[in-house]
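Peer 1: turn this into a structure:
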Amino acid sequence: MPRHRVIHLPAGELAMGTSEETLDTIAGCQHLPRSWFGDEAPVHTVCVDAFAIDRHPVTNAQYSAFAAATGYRTVAEEHGFGLVYGETFWQEVTGACWRQPAGPGKVTAAERHDHPVVHIAWPDAMAYCAWAGLRLPSEAEWEYAARGSSGQRMWPWGDAWDPARCNSAETTGSAPIGDMAGWRTWWAGYRSTHAVPGTSPVGAHPAGTSPFGVSDLSGNVQEWTASSYLPYDPDASYGDLYTRIAGRYRVIRGGSWMHYRWQTRCAERIAADPLYSNFSIGFRCAADPPG
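Peer 2: I've put the predicted structure just below:
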């Protein structure tokens, strides 16, 4: 059984979500409409029980040990293809899965044993957790681990964006990204000069560690949580899309190596079909305290 380095978090209160004022600011800084982030409101207090959470996302080496011990095949492996972002959009690449995340003939998981595993759907993460005697963190636990128990810091390290503190599309040396055109320019250059997916070894950005000492909560890979996607305010209208997916989809947190700063914030929520996976989605484990 692969060893998990866990952080034990005390019980506490979390001011979960994003204020309307901050949402207005975010809307004026980038190209996505305000409604994209509107489901982060309102800010509400959540009491979080003591729990433990992995210091790092689950790695290729850890997932390989699980697959070897159980013979488990991921959703992508069963489908025979995985989603990889091409020149302008997502593509179904035959053979792409956690073992060969960009497809056959490209970089392999075995060559990146200390990188986070990707192409993980929600059942794939749940199966690993069950095997390891662990579980996925809830959405509130994940945000609590990222923000700490005081204040509403934008990123795990604070409110000032610092590209050197995480692995994102705006890492050191890249230009700030404020719109889709800027992102496409970055992507074209990145694909031509880097192996993809552009994950980094877990723990490679220690300056981005959260107040509780948890790493990689911003960027590197998006992470599944245990929580069903539900509105924070059941009486508010967030739009038809959010109404249709509420209770059916699961919550992903953290942003990834291919996202820009606003998508790697502590409060950013992404809802996804449990069977969805791509080469930027992974997970980390959590656990209840002993006894």
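Peer 1: if I look at the spatially most central residue of the chain, how far off is residue 114?
Peer 2: With distances taken as C-alpha atoms, centre = their mean, residue 222 lies nearest the centre of the chain, 1.8 Å away. In this view, residue 222 and residue 114 are 19 Å apart by C-beta to C-beta, to the nearest Å. C-beta coordinates here come from the backbone N, C-alpha and C atoms, glycine included.
Peer 1: likewise residue 284?
Peer 2: From residue 284 to residue 114 the distance is 14 Å (C-beta to C-beta).
Peer 1: can you name the next helix or strand after the lowest-mean-pLDDT helix or strand in the chain?
Peer 2: Counting by mean pLDDT, DSSP states H and E, the chain has its least confident helix or strand at helix 240-245, which shows a mean of 75. Using DSSP states H and E, the helix or strand that follows helix 240-245 towards the C-terminus is strand 250-253.
Peer 1: and that next one, what does it pack against?
Peer 2: helix 139-147, strand 222-228, strand 269-272 (3 or more C-beta pairs under 8 Å, 6 or more residues apart in numbering; DSSP states H and E).
Peer 1: go through these and name the closest to residue 167.
Peer 2: strand 222-228 (11.9 Å; C-beta to C-beta).
Peer 1: which helices and strands sit right next to the closest one?
Peer 2: helix 139-147, strand 250-253, strand 281-282.
Peer 1: how far does stretch 188-196 sit from its chain's centre?
Peer 2: 21 Å (C-alpha atoms, centre = their mean, to the nearest Å).
Peer 1: residue 38 reaches residue 233, doesn't it?
Peer 2: No. Assessed by C-beta atoms under 8 Å, residue 38 is found out of contact with residue 233, at 10.5 Å.
Peer 1: out of the two, which sits in the busier spot?
Peer 2: residue 38 (18 against 12; other C-beta atoms under 10 Å).
Peer 1: of residue 284 and residue 114, which one has the most company?
Peer 2: For residue 284 versus residue 114, the count of surrounding residues by other C-beta under 10 Å is larger for residue 284: 31 against 15.
Peer 1: Three-state assignment for that one, please.
Peer 2: coil (DSSP: H, G, I helix; E, B strand; the rest coil).
Peer 1: so who does the closest residue in space to it that isn't next to it in sequence touch?
Peer 2: Leaving out its chain neighbours, the residue that sits closest to residue 284 by C-beta to C-beta, 6 or more residues apart in numbering is residue 54, at 4.1 Å. By C-beta atoms under 8 Å, 6 or more residues apart in numbering, residue 54 lies in contact with 4-7, 214, 284-286.
Peer 1: do residue 182 as well
Peer 2: 175-176.
Peer 1: that one and residue 83, how far apart?
Peer 2: Distance from residue 182 to residue 83, by C-beta to C-beta: 23 Å.
Peer 1: check the closest residue to residue 286 other than its chain neighbours and give its pLDDT.
Peer 2: Nearest residue to residue 286, sequence neighbours excluded (C-beta to C-beta, 6+ apart): residue 137, at 3.8 Å. pLDDT recorded at residue 137 is 98.
Peer 1: same check, this time on residue 291
Peer 2: pLDDT, residue 291: 62.
Peer 1: what's around residue 214, how many residues?
Peer 2: 23.
Peer 1: for the nearest residue to it once chain neighbours are set aside, give me its contacts.
Peer 2: Nearest residue to residue 214 in three dimensions, chain neighbours excluded: residue 145, at 4.8 Å (C-beta to C-beta, 6+ apart). Contacts for residue 145 were tallied using C-beta under 8 Å, 6+ apart; they are 7, 9, 53, 137, 210, 212, 214, 217.
Peer 1: re earlier: the residue nearest to the centre of the chain and residue 258 touch, don't they?
Peer 2: No. The pair residue 222 / residue 258 is not scored as a contact, 9.5 Å apart, by C-beta under 8 Å.
Peer 1: what residues do these two have in common as contacts?
Peer 2: Joint contacts of residue 222 and residue 258 (C-beta under 8 Å, 6+ apart) are residue 280.
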